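> Sequence plus the predicted model coming up.
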Amino acid sequence: MERLKSRPDFQRAAKGIRRAAPSVTLELCPAPAIAAKPGAIRVGFTATRKIGGAVERNRAKRRLRAAAAALLPLYGLEGNDYVLVARQDTLTKSFPGLLEDLTTALHAAHAKLGRLTAGEPR
């Protein structure tokens, strides 16, 4: 997995497919041709000030990084960019619950991606 670090990458993902679960919001978009590497999945993490202070935001991002490391190698599709956005429940939900929410969001986003590539309207 590679990390998204530049603002344009996050903005492009925000315009793509978005699926919200109680503890995480997943944003998904195809990686640009320049950045796409065979077998690579790019991922970024965001936590806004709505989550809390710096300590809470850092804890939320650490939890999201751990969840992504556990699930994206299994369920992630290469050639796509994923952005995980922390929600208020990211801090309080049990880790297995966080993994379940992320899995649900991944499956829903991939289903939507499959429909879009098949030609269905948004």
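Here it is on my side, so go on.
> quick one: low-confidence ranges for the chain?
Where the chain drops to pLDDT under 70, the residues are 35-36, 115-122.
> helices or strands up against the helix or strand containing L113?
Assigned by DSSP states H and E, L113 belongs to helix 95-117. Counting contacts by 3 or more Cβ pairs under 8 Å, 6 or more residues apart in numbering; DSSP states H and E, helix 95-117 is packed against strand 17-20, strand 24-30, helix 54-75. Yep, even glycine has a C-beta here, placed from its N, CA and C like the rest.
> looking at these, which is buried most?
strand 24-30 (a mean of 22; mean count of other Cβ atoms under 10 Å).
> From the rest of the structure, what touches that one?
Contacts to strand 24-30, defined as Cβ atoms under 8 Å, 6 or more residues apart in numbering, come from residues 12-20, 36, 64, 67, 79-87, 90, 98, 101-102, 105-106, 109-110, 113.
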